[in-house]
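Peer 1: need the 3D shape of this:
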Amino acid sequence: MSDWTDGYLTDVEYSYIYNTELNPLKARLALLSTGLSVPHIGTACELGFGQGLSINVHAAASRTEWWGTDFNPTQVGFARELGAASGADVRLFDEAFADFVHRRDLPDFDFIGMHGIWSWISTDNQALLIDFIRRKLKVRGILYNGYNLIAGWASFAPIRHLMAEHAALAGAAGGGKLNVLKGTLDFVEKFLATNPGVRRISPNIVDRFGNLKKMDPLYLVHEFLNGHWQPSSFASMTEALAPARVSFACSANFLDHYDAVNFSADQRAFMQALPDATFRQSVRDLMVNQSFRRDYWVKGPGQLTALQQLEALSAERVVLVSHRSDVELKFTTALGEAVLYAPVYDPLLDLLADHQPKTIGEVARAMQARGVGFKQVVEALVMLAGKGHVMSAQDETVIAQVGVSVRRLNDGLLDRARSSGNTKVLASPVTGGGINVTRAVQNFLLAHRAGCNSPAELADSVWRLLESQGQRVIKGEMALEAAEANIAELALQASKFLEQRLPVLKALQIA
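Peer 2: Just a heads-up that it's a prediction; the model follows:
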């Protein structure tokens, strides 16, 4: 009798994660900025949607018809609750890939996405997905694939396999996967404390393991205790996807688009001398020790002329989704600290600081008076998008059409935030996707809706909610015990919410 899980963990829920790369509007900006045409996204599919946050947010906040499957019934049940709350056009199934990919009612898709799932499934299931993409992704259609890389995992792979082997032995005695994970982490910590030879070969193992222990236990169970775990290389991924007839378009991580912030001059010269594009990507991954790739692929990519690209980008709408004071011009890359050019970025951010959508053409015309050309404006906007401060914006007609479904989904997410911090995202009709928020922001928003308008009122309302459940505010890594300390911390957070976060949420039509 075959195992319906096919080696994939189903007895522990997956993390409640929202992935912005699955937003087709983000893919649109990514492809246009690299000179490729973009189809109208009328139908989309997410394979292995986990808890369903991404697929439900994107279905509620756009006019796209979404389909998806995840064979963990518990997760599908939660995802369907979100779909019912929004009333959006989303079809969610609890079918294994072998069943879902052969459904007769599936449309052809303009966009197919899978985040992480490739690295955690069997080779048989990978073959099923490749054939599915070949058959069901339309010409010019976009594939998003996020997957683990050998480049960044090579040094830690022996520890991962050690963890999986220990967990398999411990799991045979029962006790639940989360308890098994705790025992496995304790075992590896003791093992590394003996100063084994693997530490001398890979001296960063201890630091990496320390960072790993701070991660969400639900994520760790699926990443490290799963039956299948297959880091890939870009070259092997290209070979695997060849039968699906898709070509690599660009990275979904916008910061990857600009070599100057990621590589030294010597490294750039070395890679530019490599004639093979696929091989160059593999070299890039090793240069930065990349452990996870987020890539867009296209079936039959269409190259835009310079004029077509200029016109398409000029019509693209963007919006600043961070408060101006939260945008730092310094950030860390694989090369070290990068500093954005203030004479370009400061006036650009000032121009976007009202958080109203603007076309790139409008922004470029306003920046022209400062001697900033169109190409510089696009590069700056894409860089800010890579840092999560700027997002693409839908047109006003679509924004108005999805307002009701977004409000209904957000109502459901806010209600859940009263008792849990799992679903830290809210949908925006402006961006067609999700905006990551803290549970505190969600509860402040609820209190504000109920008429609380001052920091003191907001803090008191949220504290009463937490106290009724025996919960406390976490500051740093410590829970605040005294009521006065909790209220004081909440009041500080509430002040920032009113001054900085609330105006942005209103502009994004979330509040």
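Peer 1: can I assume residue 108 is in contact with residue 136?
Peer 2: Yes: in terms of Cβ atoms under 8 Å, residue 108 counts as a neighbour of residue 136; the distance is 5.6 Å. In this view, the C-beta of every residue, glycine as well, is placed from N, C-alpha and C.
Peer 1: these two: which is more packed in?
Peer 2: residue 136 (19 against 13; other Cβ atoms under 10 Å).
Peer 1: list of residues touching the helix or strand where residue 457 lies?
Peer 2: Here residue 457, judged by DSSP states H and E, is contained in helix 455-468. With Cβ atoms under 8 Å, 6 or more residues apart in numbering as the contact definition, helix 455-468 has outside contacts at 418, 440, 443-444, 447-448, 450, 452, 472-473, 483, 486-488, 490-495, 497-498.
Peer 1: swap the cut-off to 6 Å and go again
Peer 2: With Cβ atoms under 6 Å, 6 or more residues apart in numbering as the test, helix 455-468 has contacts from 443-444, 447, 452, 486-487, 490-491, 494-495.
Peer 1: after it, which helix or strand is next?
Peer 2: strand 474-475.
Peer 1: may I have stretch 156-164 as CSV, with CA atoms only?
Peer 2: Only the C-alpha atoms of stretch 156-164 are listed here, as CSV (Å, rounded to 0.1, in the frame of the first residue of the first chain):
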residue,chain,number,x,y,z
PHE,A,156,25.7,22.6,6.0
ALA,A,157,24.3,19.6,4.1
PRO,A,158,26.1,17.1,6.4
ILE,A,159,24.5,18.6,9.4
ARG,A,160,21.1,18.6,7.7
HIS,A,161,21.4,14.9,6.9
LEU,A,162,22.6,14.2,10.5
MET,A,163,19.5,16.0,11.8
ALA,A,164,17.2,14.0,9.5
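Peer 1: what's that stretch in contact with?
Peer 2: For stretch 156-164, the surrounding residues in contact (Cβ under 6 Å, 6+ apart) are 184, 198, 208, 224.
Peer 1: what subset of the residues you listed is buried?
Peer 2: Buried members of the contacts of stretch 156-164, scored by 16 or more other Cβ atoms under 10 Å, are 184, 198, 224.
Peer 1: can you give the domain ranges for this structure?
Peer 2: 20-151+230-298, 157-224, 316-397, 404-507 (automatic domain parsing).
Peer 1: neighbours of residue 427, just the number please.
Peer 2: Other residues within reach of residue 427, judged by other Cβ under 10 Å, total 32.
Peer 1: list the contacts of residue 359.
Peer 2: By Cβ under 6 Å, 6+ apart, the neighbours of residue 359 are 315, 317.
Peer 1: distance of it from residue 80?
Peer 2: Noted for residue 359: a distance of 37 Å to residue 80, by Cβ to Cβ, to the nearest Å.
Peer 1: one more: residue 115?
Peer 2: 19 Å.
Peer 1: those two: which is more packed in?
Peer 2: Taking neighbours as other Cβ under 10 Å, residue 115 and residue 80 compare with residue 115 leading, 22 against 17.
Peer 1: can you give me phi and psi for the more buried one?
Peer 2: Residue 115 adopts backbone torsions of phi -110, psi 110, taken as degrees, to the nearest 10.
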